[in-house]
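**Student:** next input, structure requested:
(chains A and B)
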Amino acid sequence: MTQASPSITLQINGQPCTVAADATLLQAIRSAGLQVPTLCHLDGLTPVGACRLCLVDLEGHPKLEPACVTTAAEGMVVHTHTPELESYRRMAVELFFAEGNHVCAFCVANGACELQDVAVEVGMDHSRFPYQYPKRHVDASHALFGLDHHRCILCTRCVRMCDEIEGAHVWDVGYRGSACSIIAGLDQPWGEVEACTSCGKCVDACPTGALFRKQDATAEKQPHPERAQQLAEARTDRRWHNQ
Amino acid sequence: MKAAISWRCCDATSCRAAGAAALRHSLVAQHGAERVKSVGCLRLCGQGPLAAADHEDGRVELFGGVAAERQLDPQHPFFTLQRSVVLERCGLVDPGCLEDALAQGAYAALAVCRQLAPKAVVEELERSGLRGRGGAGYPTGRKWQLVAAQPGSSKVVVCNADEGDPGAFMDRAVLEGDPHRLLEGMAIAAHAVGANEGYIYVRAEYPLAIERLRGAIAAAEARGLLAGFAMQLRIGAGAYVCGEETALLHSIEGGRGTPRPRPPYPAVSGLWGLPTLINNVETFAAVPAILRQGGAWYGAMGTATSKGTKVFALSGAITHTGLIEVEMGTSLRTIVETMGGGVPANPNGSLGVVKAVQTGGPSGGCVPAALLDTPVDYEGLQALGSIMGSGGMVVIDESLAMPELARYFMGFCVAESCGKCLPCRAGTVQLEQLLDRFVERRATGADLVQLEQLCGMVKATSLCGLGQSAPNPVLSTLRFFRAEYEAAIAGAGP
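**Tutor:** Coordinates of the predicted model:
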């Protein structure tokens, strides 16, 4: 029998919440039935704290901290939706939309897109920042899948999924700053990377329409973000969800 | 007049670029190779290449120019107001010669330290009040104490020599002029915290520093001076973000130079998960002097909270460009006007006027001329929305408009962002474009509102120090020179 891990109690938006001592703030927030938006986070993958959407305000703490990588502590007083946080989150979503080319009407992920969901959640109906209209390319070299860099938000879920779950490490991030892009192999066409097992886990992990199955047309993508967690649990806890 | 008994010729990067090889060649031809020595920075870089003539009676003459045609005044406040601690041997010692360094006291403090308990070394450091010279100013003794307290027998000491701020060349001067000093400081740190490995992370843009460090490490190892402490050099490709400690560690590990959220702090889990002490070049370089002369001696210099001396790279619109080491608490006015000689006269003969001093590079801010009496220390600069930073000090005259300066630094951050987190990757791009509108005088009132809001967002939400401080040059120029931004809206202005 496994021993129950020690628990701690903290306060989230005025509501007391008891979680395991090693829980992250994001786990605590979700266990309290509350939500903060995330885009780079995916249960089952190593958190990276890159999208900055899950930042929360900790009382007595000078800086905002990302809930996904911050460990919950006894007596913490957490606020997830202060006016300041809401304003920053909305600005962040506007920046996401302005930096890529996100035209929902022509996207495979329309209706099943996490960026779209977050935009709705934070009330973003338009971007105050001018669109950058970056000239990016579409990699259709793989037999089964495609990568549309215009829609990539650099959350690196695909990179971590392929590295940590599939163990192939086909994906990585190349270049720097606004020129950053997801690269396959040694910055080769995806279809030429022999390490790719064509498992499709990266496509399942992708929150937008950047990675897609070639058979999917507009609004037909069906992502499976839960697969990372299921496989991670199967390996670490020997527990399969479909049994 | 008696002829000089020996000559010292600066052989650092800036003097090399100004023709040091030709100067040295002519001095050797005149006086013989045995009387001409290559040394590190002689401070007044703007007059380079520099050579110093040492006379029997102790007199020193200083010359500048390829033919040593300009005699410079060693009694100028630029030299007399300096207080050399970190740079005490820079310009005196041949950086390529271990014997010379040993003759001038190198590794003496290390030998003494090794007889002391590590705890005693850390306590001496704490007594000195030394704070990190990389910019943040964290108490060095406390950092050493934290690493020393970590369990485990494998620990690492890392030197951050990834100097990359525009207008900063202090660390380069130490690396090129007195590399053994850094090795000694790191070896003392290793003894104090219980580390057995050391890494110097230096950028590839510093080829001369790399060459001198390589030579110094090999010479020190061959002589057994670093016994029990394996030192390695890691050459970075030259990304500003790699100066951020977690990104630097990723890069040493062979990964992509991107920062990660802290905690865990490197003191607890750093390079390959080992407890890691990271300090900047100047911090380590101050250590041998502190251990040799005592923490109390060092702590007696400077101000109540900022002890000791600081090296600054003085550049921009100033008469005397170069490297200075002064006591903390020296006023900006003393540095800029007395030591630096102020802004040079305009071509039309009218006197130049200091408009502001930019400190701290892309993470720092501007101090307006009206506040030049501010003492240079961590708190004094911070109160003005600037920072000490690693020690770049760029003097700005009336010819430069502040939105343009802010745009320059923002462009630097756009180019140097690693791209990992959204606010820094996409926010700085939008900030630069907003600043374009001010520079090109097509901004609106809404742009000013948006500029301030976005600065706040990028500062509050970015993952690492690069993004969090990227808006500082904008915010500080908005604070003291808001009228210039408002004039750009009106379409008028100076």
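
**Student:** ok, which residues in chain A are in contact with chain B?
**Tutor:** Residues of chain A lying close to chain B by Cβ under 8 Å from any Cβ of the partner chain are A:48-52, A:55, A:63-64, A:66, A:69-70, A:84, A:87-88, A:91-92, A:95-96, A:98-99, A:128-130, A:132, A:153-154, A:172-173, A:175-180. Where C-beta positions appear, they are placed from N, C-alpha and C, glycine not excepted.

**Student:** in helices only, show me these.
**Tutor:** In this view, those that belong to helices under DSSP state H are A:84, A:87-88, A:91-92, A:95-96, A:98-99.

**Student:** with distance to B:K420, pLDDT and neighbour count added, can I get those residues in a markdown table?
**Tutor:** A markdown table is the format used below for those (distance: Cβ to Cβ, whole Å; pLDDT from 0 to 100; neighbours: other Cβ atoms under 10 Å in any protein chain shown):
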| residue | distance to B:K420 | pLDDT | neighbour count |
| --- | --- | --- | --- |
| A:E84 | 23 | 98 | 15 |
| A:S87 | 23 | 98 | 14 |
| A:Y88 | 18 | 98 | 23 |
| A:M91 | 18 | 98 | 26 |
| A:A92 | 14 | 98 | 25 |
| A:L95 | 14 | 98 | 25 |
| A:F96 | 14 | 98 | 24 |
| A:A98 | 18 | 98 | 20 |
| A:E99 | 14 | 97 | 24 |
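
**Student:** and which of these is nearest to A:M76?
**Tutor:** Each of those was checked against A:M76 using Cβ to Cβ; the closest is A:E84, at 18.2 Å.

**Student:** who are the contact partners of that closest one?
**Tutor:** Taking Cβ atoms under 8 Å, 6 or more residues apart in numbering or on different chains as the definition of contact, the neighbours of A:E84 are A:57, B:460.

**Student:** from A:T9, how far off is it?
**Tutor:** Taking Cβ to Cβ, to the nearest Å as the measure, A:E84 falls 26 Å from A:T9.

**Student:** give me the below-cutoff pLDDT ranges for chain A.
**Tutor:** The model of chain A has pLDDT under 70 over residues A:1-4, A:242-243.

**Student:** what count of nearby residues applies to the closest residue to chain A within the stretch 51-200 of chain B?
**Tutor:** For the stretch 51-200 of chain B, the residue positioned closest to chain A under Cβ to the nearest Cβ is B:G164, at a distance of 13.3 Å. The local packing of B:G164 (other Cβ atoms under 10 Å in any protein chain shown) involves 21 other residues.

**Student:** A strand includes it, no?
**Tutor:** No. When classified by DSSP: H, G, I helix; E, B strand; the rest coil, B:G164 is found to be coil rather than part of a strand.

**Student:** got the contact list for the closest residue to it other than its chain neighbours?
**Tutor:** On the basis of Cβ to Cβ, 6 or more residues apart in numbering or on different chains, the spatially nearest residue to B:G164 that is not a chain neighbour turns out to be B:Y240, at 4.4 Å. Under the criterion of Cβ under 8 Å, 6+ apart, the contact list for B:Y240 reads B:162, B:164-165, B:362, B:412, B:416, B:466.

**Student:** likewise A:R176?
**Tutor:** A:R176 makes contact with B:239, B:415-419, according to Cβ under 8 Å, 6+ apart.

**Student:** kindly supply the ChimeraX command isolating those of these that are buried.
**Tutor:** A single ChimeraX command is used to select the members of the contacts of A:R176 judged buried by 16 or more other Cβ atoms under 10 Å in any protein chain shown:
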select /B:239,416,417,418,419
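
**Student:** just the ones of the contacts of A:R176 in helices?
**Tutor:** In helices, defined here by DSSP H, the members of these are B:415-416.

**Student:** show me where the chain has its strands.
**Tutor:** Looking at chain A here, since you left the chain open. Using DSSP state E, the strands of chain A run over A:7-12, A:15-20, A:55-58, A:65-66, A:77-79, A:138-139, A:145-148, A:171-174, A:181-184, A:211-213.

**Student:** let me rephrase: I mean chain B.
**Tutor:** Shown for chain B, the strands assigned by DSSP E span residues B:6-10, B:36-39, B:50-54, B:60-64, B:70-72, B:156-161, B:197-203, B:230-236, B:276-280, B:309-316, B:322-327, B:354-359, B:365-368, B:392-397.

**Student:** using a markdown table, lay out these together with mean pLDDT, mean neighbour count and distance to chain A.
**Tutor:** Compiled in a markdown table, those are given as follows (pLDDT from 0 to 100; neighbours: other Cβ atoms under 10 Å in any protein chain shown; distance: least, Cβ to the nearest Cβ, whole Å):
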| stretch | mean pLDDT | mean neighbour count | distance to chain A |
| --- | --- | --- | --- |
| strand B:6-10 | 97 | 23 | 35 |
| strand B:36-39 | 97 | 21 | 37 |
| strand B:50-54 | 97 | 23 | 37 |
| strand B:60-64 | 96 | 19 | 39 |
| strand B:70-72 | 96 | 14 | 42 |
| strand B:156-161 | 98 | 27 | 19 |
| strand B:197-203 | 97 | 23 | 15 |
| strand B:230-236 | 96 | 17 | 13 |
| strand B:276-280 | 98 | 26 | 19 |
| strand B:309-316 | 97 | 24 | 25 |
| strand B:322-327 | 97 | 24 | 30 |
| strand B:354-359 | 96 | 26 | 22 |
| strand B:365-368 | 95 | 26 | 19 |
| strand B:392-397 | 95 | 24 | 22 |
